[in-house]
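Colleague: Pasting a predicted model and its sequence here:
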2 protein chains.
Amino acid sequence: MRDYQIDMHLNTERKQKPAFDQLQFGRNFTDHMFIMDYSSEEGWYDPRIVPYQPVTLDPAAMIFHYGQTVFEGLKAYLSKEQQILLFRPSKNMARLNRSNERLCIPKIDEAFALHALKQLLIVEKDWIPTSEGTSLYIRPFIISTEPYIGVAPSNSYRFMIILSPVGAYYKEGINPVKISVEQEYVRAVQGGTGNAKTAGNYAGSLKAQEMANVDGYSQVLWLDGKEKKYIEEVGSMNVFFKIKGEVITPALNGSILDGVTRDSIIQLLNYWNLPLVEKKISMEEIDQAHKDGHLEEAFGTGTAAVISPIGELFWKGEKLSINNGETGPLSRKLYETITGIQTGTLEDPFGWRIEVASEVVNN
Amino acid sequence: MRDYQIDMHLNTERKQKPAFDQLQFGRNFTDHMFIMDYSSEEGWYDPRIVPYQPVTLDPAAMIFHYGQTVFEGLKAYLSKEQQILLFRPSKNMARLNRSNERLCIPKIDEAFALHALKQLLIVEKDWIPTSEGTSLYIRPFIISTEPYIGVAPSNSYRFMIILSPVGAYYKEGINPVKISVEQEYVRAVQGGTGNAKTAGNYAGSLKAQEMANVDGYSQVLWLDGKEKKYIEEVGSMNVFFKIKGEVITPALNGSILDGVTRDSIIQLLNYWNLPLVEKKISMEEIDQAHKDGHLEEAFGTGTAAVISPIGELFWKGEKLSINNGETGPLSRKLYETITGIQTGTLEDPFGWRIEVASEVVNN
C-alpha cells in the first residue's frame, strides 16, 4: 500500500438524518466523501475526506461526452456490538481495477482505496442504519475530467467514494419480481464492456427496462448479443435457476459481470454440497424445464438487492410462473445466510466479513 | 417551434483567441455557451446564452454512474462574404432526438435547438476560424443530472452547446492513416446503442484504439459483434471502399451510426452518377479485392475529419496497402467538394448549406 496521507476536512455541522426505517434506495447521502485526483504527471494524488460537495467540471470534461468512467457498489453494516462490517470489499477494489483496465483508466492502489474507505466509514459511522434490510451503500467511482473534445483516454481523473443509507433496492424487497425476457435490445456482447462496471452498460439498458415497465414487468432478462438465445443477466443482476434440484448460473463469458454476490452464492452452495453448475444455458432450456415441471426457483443476485426472487418470466407471449410466484426456500435461505453473514448475526466460515477498526488511522 | 425566450448574459471581457492557423482539435472553447434545463414538472426550461462556465453537479448525478447522455457534432464556417454557414444542421438535431429516444432522454424541440445554436453562433462569430481546414466545431450534448443511485431514467437533464475553433482532427489531415482491423474488441451489436450518439460507445472503443496505437496504427476497423466478419465503422467514422470502380459502404443495420457525412457522400455519388452500393460487406471480401488488385480506395467519413483516407489495413498478420498508401482521387474529390460546399466556395446543388442571419432574433 502506498504511503499516502489522507487529509481530513470534517464538517462541524451535520445533516439531519432520514428516518432509518423508511429509507429509499440511493436518495440520501452522508456528510462526507472521499476524493483523490489523478494527473498524468503526478499519478493519483491529494487523497482527502471532505464534506459531501458538488463536483465542478469544465463542460468539455470527457465524462460528459465519451463516458470514460467506472464504478463499484458494496455495503457496510453495523453489528449488534457496534462494529462496522464490510463484506468482501477487496473483491470490489480488484474488480474496479479490472474495469479500469478495460476502460483505459489508470489503476488505483487497491489496499489504499480500501484503507481510505474504512477511514470514511469511521467518520460516518452514525449514518449506518441497522433496521432489517437496511445498510450503508458505498459507491466508489472514477470519472474522466480532462476538458477535451476528441476520442482518446483522458489525462486526468477523479476517484470518489460516496455513501448512502439505503433500504430495499426493489420495492418488492425479497418478494418475487416479474421479469420480461428481452427479445430486441441487448445489454452486452463478447468484446464489449459487459464484464466491466461502466456507465454505458447501464445507459444502454434503460430502454428495455422502460418498455418492460410499461407492460407491468420490473426488469428484463437479458439474452446474449450474438444469438439472442443464451441467458446472461437479469436487470443489473446475475441470475440463477434451480432445475430438478440442480442450481445453474450462466458461466462467465466476457459479457457477464463477475458479481461478488454471484461468487458468494457459488461458494455457499459448494459449502452446502448442493449441486451447482456454471454453464451456457438457453432460454429454450428454461422454458422446457418449466413445461416439464422442473423449474423450481429463479432469482437475481447483486449487492443492491442481494437476492431478488423471480416469480414470473414472460417469454414469447407466454407467462412462466415460477414456484407459484412465491419466494422459494433456496432463495430465502441464501438471502438469510448472506445477509446474516454480512450483518454479523451468523457465523462466517469463509472469512468474508471484515471488521473495520474503530479508530481513524491516518497514514 | 416553441416560443421560448433565450436569456442573454454576455461577457464584457473576452478570452484571448488562439492562433487560428495552428489550431488543435477540441482544446479551445469560446466565450459563451448555450444552456437549457429539464425537469419532469417543467419540461425543457430556462434557455440561456451565458459565459462559458463549469458545470456543477451532485456527485450522485446519474451521468457519473449510469452514463445516460447523448451528443452531436457539427461545424460552422465563415464565408468570404463573412456569412456564418452551417452544413445540414437539421440532420444533427433530428439524430440527437433519435439518440434521446434510445437513451430514454426527453426529446428537444429541434427547430428551437437550431434557433438557439444560430443565436450562439452570432454572438461568437469572431471565433470562427477561416484558415484552410479549420472550422468552429459545435458540440450539443445532454447529460442526466438527477442525484440518484439506482438504474432508471433521470428526472432532470441539462442540454448544452459548446463551441471550439478546430484544425484537423487527425494530425495526418487529409493524408492517409494506417488502420488495424480489430479482432478482439467490439464497438456495438444489433440491439445495443451503436446507432445512437452516446458516451458508452466511445468509452468502449478506447481499449482497441490504445492497443492499435501501440502497434503504430491510428485507429481500428470495427467488425460486427455477432460474427466478427462484417465491416461496421472505422474509429469513430463511417467507412467506404472503392472496388473495381464501385463504391461500397456498409448498410445501416442498427449498430452503425447514420452519419451526416456518410449520407452526403451517398447523395454526391448518386448526383455524379457513380456506382454506389450500401450492403453488408465482409473483411474477407475486402481482402480478396485487394489480392485481385481491385481495391482502389478506402476512407473514413465523419464530421470531425470529413474524409480520412486509409493507406493501409492490417488484418490477420498481413498489411494491405491501398493506393500505395496515398490519397486516392475519389477521396480527394469528395473532401474538396464537401468542404467546398461547407465553406461556401462551391455551388451547393443540394441546399445543404444554411446561412445564419446576422442579427440576434430573440424569441
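Modeller: Okay, I see it.
Colleague: got a pLDDT number for the one residue in the stretch 51-200 of chain A that gets nearest to chain B?
Modeller: Nearest to chain B, among the residues of the stretch 51-200 of chain A, is A:Gly200, at 1.8 Å (Cβ to the nearest Cβ). For the C-beta atoms, the positions are set from N, CA and C on the backbone; glycine is no exception. On pLDDT, A:Gly200 comes in at 98.
Colleague: need the contact list for it.
Modeller: A:Gly200 makes contact with A:Gly67, A:Thr193, B:Gly67, B:Thr193, B:Thr198, B:Ala199, B:Gly200, B:Asn201, B:Ala203, B:Gly204, according to Cβ atoms under 8 Å, 6 or more residues apart in numbering or on different chains.
Colleague: and the fifth one, how many neighbours?
Modeller: B:Thr198: 29 surrounding residues under other Cβ atoms under 10 Å in any protein chain shown.
Colleague: do the same with the fourth one
Modeller: Burial measure for B:Thr193: 29 neighbouring residues, criterion other Cβ under 10 Å.
Colleague: returning to what we had before: can you tell me which of the contacts of A:Gly200 is nearest A:Glu318?
Modeller: B:Thr193 (28.8 Å; Cβ to Cβ).
Colleague: Which positions in the stretch 251-363 of chain A make contact with chain B?
Modeller: Residues of the stretch 251-363 of chain A lying near chain B by Cβ under 8 Å from any Cβ of the partner chain: A:Ala304.
Colleague: Report the closest residue of the stretch 251-363 of chain A relative to chain B.
Modeller: Counting by Cβ to the nearest Cβ, the stretch 251-363 of chain A gets nearest chain B through A:Ala304, at 7.9 Å.
Colleague: neighbours around that residue, how many?
Modeller: A:Ala304, neighbours per other Cβ under 10 Å, totals 22.
Colleague: cool, and A:Glu81?
Modeller: 8.
Colleague: do the one 4 residues further on as well
Modeller: Counted with other Cβ under 10 Å, the burial measure for A:Leu85 works out to 23 neighbours.
Colleague: in the sheet, who's paired with it?
Modeller: Note on A:Leu85: beta-bridge partners A:Tyr77, A:Glu355, judged by DSSP bridges.
Colleague: From what I see, it and A:Arg353 are in contact.
Modeller: Yes. Taking contacts as Cβ atoms under 8 Å, A:Leu85 lies within contact range of A:Arg353: 5.5 Å.
Colleague: what do the two both touch?
Modeller: A:Gln342, A:Gly344.
Colleague: wait, which of the contacts of A:Gly200 is closest to B:Lys17?
Modeller: For the contacts of A:Gly200, the nearest to B:Lys17 is B:Ala199 (29.1 Å; Cβ to Cβ).
Colleague: tell me, how many neighbours does A:Glu312 end up with?
Modeller: 19.
Colleague: A:Gly150 too?
Modeller: 20.
Colleague: what's the answer for the one 10 residues further on, then?
Modeller: Close neighbours of A:Met160, defined as other Cβ under 10 Å, add up to 20.
Colleague: Give the bridge partners for it, please.
Modeller: A:Ile35, A:Phe141.
Colleague: where's it relative to B:Ile143, distance?
Modeller: 17 Å (Cβ to Cβ, to the nearest Å).
Colleague: Run through the strands of the stretch 151-300 of chain A in chain order.
Modeller: Under the criterion DSSP state E, counting those that start in this stretch, strands of the stretch 151-300 of chain A are mapped to A:156-166, A:177-181, A:219-223, A:231-234, A:238-243, A:246-250, A:276-279, A:295-302.
Colleague: same question but for the stretch 1-150 of chain A, I mixed them up
Modeller: A:7-8, A:32-39, A:43-51, A:55-57, A:69-71, A:74-78, A:84-87, A:135-144.
Colleague: any bit of the third one sitting next to chain B?
Modeller: No. Contact between strand A:43-51 and chain B is absent, the nearest approach being 10.8 Å (criterion: Cβ under 8 Å from any Cβ).
Colleague: Parallel or antiparallel, list what pairs with that strand.
Modeller: strand A:7-8 (parallel), strand A:32-39 (antiparallel).
Colleague: The longest one - what's its average pLDDT?
Modeller: The one in question is strand A:32-39. pLDDT averaged over strand A:32-39 gives 98.
Colleague: quick one: buried residues of it?
Modeller: Neighbour-count burial for strand A:32-39, counted by 16 or more other Cβ atoms under 10 Å in any protein chain shown, picks out A:His32, A:Met33, A:Phe34, A:Ile35, A:Met36, A:Asp37, A:Tyr38.
Colleague: Contacts only, for the residue nearest to the third one when sequence neighbours are not counted.
Modeller: This means A:Phe34. By the measure of Cβ to Cβ, 6 or more residues apart in numbering or on different chains, the closest residue to A:Phe34 outside its immediate chain neighbours is A:Ile161, 4.1 Å from it. With contact set as Cβ under 8 Å, 6+ apart, A:Ile161 has these partners: A:Met33, A:Phe34, A:Ala116, A:Leu117, A:Leu120, A:Ile138, A:Arg139, A:Pro140, A:Phe141.
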